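Student: structure for this input, please:
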Amino acid sequence: MITKPTFDFLMEVMKDNGLLGSGTTMCELGNQHIRVPGIGYTVAKQYFKSLGFHHASIDMNGLNGAIRLDLSKVLALPGTSDIVTNFGTSEHIPNQPVVFENIHNLCCVGGIMIHAVPLVGNWENHGDYYYTTRFFVNLTSLNGYEIVRIVVIDGEETPGTKLVCASLEKRQDTKFIWDARGLEHTPVGLTTRLYSMVNTPYQNLIYRLKKEGWI
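Tutor: Next up is the predicted model:
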């Protein structure tokens, strides 16, 4: 979900780096939705395509035009994206080294990887992984990235919803190097996991029935 704080971060980074114009290529992790006042779209793909972006999204649910791929496995996709976004997706992926390798490989040299993920100590029982600014600083050092901007923001208007927002420029085409320092593994509770297992297929079914005109 892209909310007002993360939307503002994304748009500022794109504007400051000349990536807001037509023809920009974007790859989005997750079938993202937008919840921002004044934006007439709810599906992020529709909004960015309306701006002239060449847009792709990757999500196992395959909805809203998303490519149905498993981000916990190494993807054989070309690194041609000017922007790769990770807005609240990676914390749900069990294989952390691989999901960040995929982000690295999907991004072109000179492109920017933009993350908005839960800060350690926040978003309790939301995902299995939580992040610090140190985590992104370490990845930058090991992989020759350049830090465009790293900040901690309030994700919602409620306590305990802080996010690490990091934008990193890929400066060279090298093999990805992993570093888990600054990453915290805190698995969600059984009740939350069971709810997700039941609710996600249900939501997918309802979407398809509506799309095909059955309901």
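
Student: so what's the residue sitting nearest the centre point of the chain up against?
Tutor: Taking C-alpha atoms, centre = their mean, the centroid of the chain lies closest to N86, which sits 1.5 Å from it. By C-beta atoms under 8 Å, 6 or more residues apart in numbering, the contact list for N86 reads L29, I103, M113, I114, H115, A116, V117. All C-beta spots, glycine's among them, are computed from the backbone N, C-alpha and C.

Student: so what's the third one bridging to?
Tutor: This points to M113. V84, L168 (DSSP bridges).

Student: might one say that it is in contact with C107?
Tutor: Yes. Applying C-beta atoms under 8 Å as the test, M113 and C107 come out as touching, 5.3 Å apart.

Student: which neighbours do the two have in common?
Tutor: I83, V84, K170.

Student: was I right about the second one contacting L106?
Tutor: In this case it means V84. Yes. V84 lies in contact with L106 (C-beta under 8 Å); the separation is 5.0 Å.

Student: shared neighbours of those two, which are they?
Tutor: C27.

Student: on that earlier part again, wasn't the residue nearest to the centre of the chain part of a strand?
Tutor: Yes. Secondary structure of N86 (DSSP: H, G, I helix; E, B strand; the rest coil): part of a strand.

Student: thinking again about what came up before, would you list the contacts of N86 in CSV and tack on distance to G21, neighbour count and secondary structure?
Tutor: Shown next, in CSV, are these (distance: C-beta to C-beta, whole Å; neighbours: other C-beta atoms under 10 Å; DSSP: H, G, I helix; E, B strand; the rest coil):
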residue, distance to G21, neighbour count, secondary structure
L29, 22, 25, strand
I103, 23, 26, helix
M113, 19, 26, strand
I114, 17, 26, strand
H115, 22, 27, strand
A116, 22, 24, strand
V117, 27, 24, strand
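
Student: no more questions from me, cheers.
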